[in-house]
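In: this one's structure only:
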């Protein structure tokens, strides 16, 4: 069985990609769509904040995972802290920081704050992306599966 066949469970899952760079967003979106993942693009802080606010009191997980660039993570760190204080269940969705080598030093305070499940460095290698997605199977098994019946359609 190929690695792609092992990831068939990704089909139909929702993943948010919060990325301001058009090329990096496009690469991630195309990669995820190969596995029939439904990609929600949150391209700026305003879109991310609206999405986050809509889940302030929700107990239903919508996204399987959320990939966030450092620029948007920095911009929304304070609102994130406020919303998590009200609704800690939001932390059940794994956040993955996606950054370039040039952004690592600037993003270190975000990494140290332990908001993120893991991180990927651009250019993201397919092997690394797939390994991360595979690791989320186990992470989500511990946190509770998000089958289509258990999620709310947006």
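Out: Sure thing, it's come through. All values derive from a computational prediction rather than experimental measurement.
In: Quick one: the helices in this protein, in order.
Out: With DSSP state H as the criterion, the chain has helices at 3-6, 22-33, 45-54, 70-75, 77-86, 104-112, 126-143.
In: Let me have those helices in JSON lines, adding distance to residue 120, mean neighbour count and mean pLDDT as columns.
Out: Placement of C-beta: from N, CA and C, glycine included. Supplementary listing: the helices of the chain in JSON lines, determined by distance: least, CB to CB, whole Å; neighbours: other CB atoms under 10 Å; pLDDT from 0 to 100:
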{"stretch": "helix 3-6", "distance to residue 120": "17", "mean neighbour count": "10", "mean pLDDT": "64"}
{"stretch": "helix 22-33", "distance to residue 120": "9", "mean neighbour count": "15", "mean pLDDT": "95"}
{"stretch": "helix 45-54", "distance to residue 120": "18", "mean neighbour count": "15", "mean pLDDT": "94"}
{"stretch": "helix 70-75", "distance to residue 120": "12", "mean neighbour count": "19", "mean pLDDT": "95"}
{"stretch": "helix 77-86", "distance to residue 120": "19", "mean neighbour count": "13", "mean pLDDT": "91"}
{"stretch": "helix 104-112", "distance to residue 120": "12", "mean neighbour count": "13", "mean pLDDT": "91"}
{"stretch": "helix 126-143", "distance to residue 120": "6", "mean neighbour count": "14", "mean pLDDT": "74"}
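In: Redo these as a markdown table? Include distance to residue 97.
Out: What follows is the helices of the chain, written out as a markdown table (distance: least, CB to CB, whole Å):
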| stretch | distance to residue 97 |
| --- | --- |
| helix 3-6 | 24 |
| helix 22-33 | 13 |
| helix 45-54 | 14 |
| helix 70-75 | 6 |
| helix 77-86 | 12 |
| helix 104-112 | 7 |
| helix 126-143 | 11 |
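In: check contacts around the closest residue to residue 73 other than its chain neighbours.
Out: Residue nearest to residue 73 in three dimensions, not counting chain neighbours: residue 110, with 5.3 Å by CB to CB, 6 or more residues apart in numbering. Residue 110 is in contact with 70, 73, 74, 77, 97, 116, counting by CB atoms under 8 Å, 6 or more residues apart in numbering.
In: Near the fifth one, how many residues? Count them for me, please.
Out: Right, the one you point to is residue 97. Applying other CB atoms under 10 Å, we find 21 other residues in the vicinity of residue 97.
In: Hmm, it is touching residue 68, no?
Out: Yes - applying CB atoms under 8 Å, one finds residue 97 in contact with residue 68, separated by 6.0 Å.
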